[in-house]
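**Q** Need coordinates for the below:
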Amino acid sequence: MEKIFKTDAQWREQLTPEQYEVTRGKGTEPAFCGALLHQKDTGTYVCVCCGLPLFASQAKFESGTGWPSFTQPIEGHIEEHPDHAFGMHRTEILCAQCDAHLGHVFDDGPLLSGKRYCLNSVALEFVKDVS
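**A** Residues are numbered from 1 along each chain as shown. Sure, this is the predicted structure:
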């Protein structure tokens, strides 16, 4: 997969201030406020910055944490990096194509994968299946 690189000015022009703060500035949207938290339609969640498909709707589950949560990403479309900001030990997840900050992955998910990919709604767009 070929990486997408843009200048800070290009990202600012493309994204809303909230999208920019989360995806490029590694921010976090407030819990229970994201537009995709209660999305139940069948489709694909894609990166708001580059459109790369990240998660199938079948992988989404209700975690009760206040952010959209998934059991597994589309293979090869997420990168994981250690995140020790604010004195915490977490694993950050990034879009593999454009390095957008998406959220974090935790080891407290459902039994099948044991993972909870915790995403910011503002870092995603939902593409509904039309078939």
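**Q** What's the first helix or strand after the lowest-mean-pLDDT helix or strand in the chain?
**A** One helix or strand of the chain scores below all others by mean pLDDT, DSSP states H and E: strand 78-83, with a mean of 91. Once strand 78-83 ends, the next helix or strand along the chain (criterion: DSSP states H and E) is strand 90-95.
**Q** Name the residues of that next one that are buried.
**A** Using 16 or more other C-beta atoms under 10 Å as the test for burial, strand 90-95 gives 90, 92-95. Every C-beta, even on glycine, is put in place using the N, C-alpha and C of the backbone.
**Q** Now the two most distant members of the residues you listed.
**A** Arg90 and Cys95 (17.2 Å; C-beta to C-beta).
**Q** Spatially central residue in this structure, please.
**A** Computing the C-alpha centroid of the chain and ranking residues by C-alpha atoms, centre = their mean puts Leu102 first, at 3.3 Å.
**Q** Wait, a helix at Gln19?
**A** Yes: according to DSSP: H, G, I helix; E, B strand; the rest coil, Gln19 belongs to a helix.
**Q** what's near enough to touch it?
**A** 48-49, 122-123 (C-beta atoms under 8 Å, 6 or more residues apart in numbering).
**Q** Highest neighbour count among those?
**A** With neighbours set by other C-beta atoms under 10 Å, the maximum within the contacts of Gln19 is found at Ala123, which has 29 neighbours.
**Q** tell me the contacts of the closest residue to Gly109 other than its chain neighbours?
**A** Spatial nearest neighbour of Gly109, excluding adjacent residues (C-beta to C-beta, 6 or more residues apart in numbering): Arg116 at 3.6 Å. With C-beta under 8 Å, 6+ apart as the criterion, the residues that contact Arg116 are 63, 65, 69-71, 105-110.
**Q** ok, back up a step: compute the inter-axis angle for the strand or helix carrying the residue nearest to the centre of the chain and strand 90-95.
**A** For Leu102, the host element (DSSP H and E) is strand 101-106. Strand 101-106 and strand 90-95 are oriented at 140 degrees to each other (axes from the mean of the first three to the mean of the last three C-alpha atoms, to 10 degrees).
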